[in-house]
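In: Could you work out the structure for the sequence below:
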Amino acid sequence: MPAAKKTKAEKGYGKMTIDPNIKSHANDPFVLKKVEEARETLSKLKLPEYLK
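Out: Residues are numbered from 1 along each chain as shown. The predicted structure follows:
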C-alpha cells in the first residue's frame, strides 16, 4: 500500500485594499476609553531598565 503524502496548507493574506472612505475611530469614545486604560496600566508596570 503506497504511503499518502500530506499536503501542507499554506497560510497567507489576500491583497490589501485601501478604501479612502473608511470612518476614522480617532475620536470614538470607546477607543479613547481603552487607550486611557492602557496608559494607566502601563504607567503602573515596573519595566526593567533595558526595556525603557
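
In: Check the secondary structure at Val35 for me.
Out: When classified by DSSP: H, G, I helix; E, B strand; the rest coil, Val35 comes out as helix.

In: now it: how far from Asn21?
Out: In this view, Val35 and Asn21 are 24 Å apart by CB to CB, to the nearest Å. Where you see a C-beta, it was placed from the backbone N, CA and C, and this is true even at glycine.

In: those helices in this structure, which residues are they?
Out: For the chain, the helices defined by DSSP state H occupy 29-44.

In: can you list the weak-confidence ranges in this structure?
Out: Residues of the chain that meet the criterion pLDDT under 70 lie in 1-3, 52.

In: rerun at 90
Out: 1-20, 22-27, 42-43, 45-52 (pLDDT under 90).

In: hmm, back to that, which one's more surrounded, Val35 and Asn21?
Out: Comparing Val35 with Asn21 by other CB atoms under 10 Å, the one with more neighbours is Val35, at 11 against 4.

In: List the contacts of that one.
Out: By CB atoms under 8 Å, 6 or more residues apart in numbering, no residues touch Val35.

In: ok, it to Glu49 distance?
Out: Noted for Val35: a distance of 26 Å to Glu49, by CB to CB.

In: Report how many residues lie close to Ile18.
Out: If you count neighbours by other CB under 10 Å, Ile18 ends up with 5.

In: Do me a favour and get the backbone dihedrals for it.
Out: In terms of degrees, to the nearest 10, the main-chain angles of Ile18 are phi -110, psi 120.

In: what about it, distance to Lys5?
Out: 39 Å.

In: Pull stretch 26-33 out as PDB, backbone CA atoms only.
Out: Extracted as PDB, the C-alpha positions of stretch 26-33 are listed here (Å, rounded to 0.1, in the frame of the first residue of the first chain):
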ATOM      1  CA  ALA A  26      -9.700  58.700  16.400                       C
ATOM      2  CA  ASN A  27     -12.400  60.400  18.500                       C
ATOM      3  CA  ASP A  28     -14.500  57.300  19.200                       C
ATOM      4  CA  PRO A  29     -15.400  57.300  23.000                       C
ATOM      5  CA  PHE A  30     -14.900  53.500  23.300                       C
ATOM      6  CA  VAL A  31     -11.400  53.700  21.700                       C
ATOM      7  CA  LEU A  32     -10.400  56.700  23.800                       C
ATOM      8  CA  LYS A  33     -11.500  54.900  27.000                       C
END
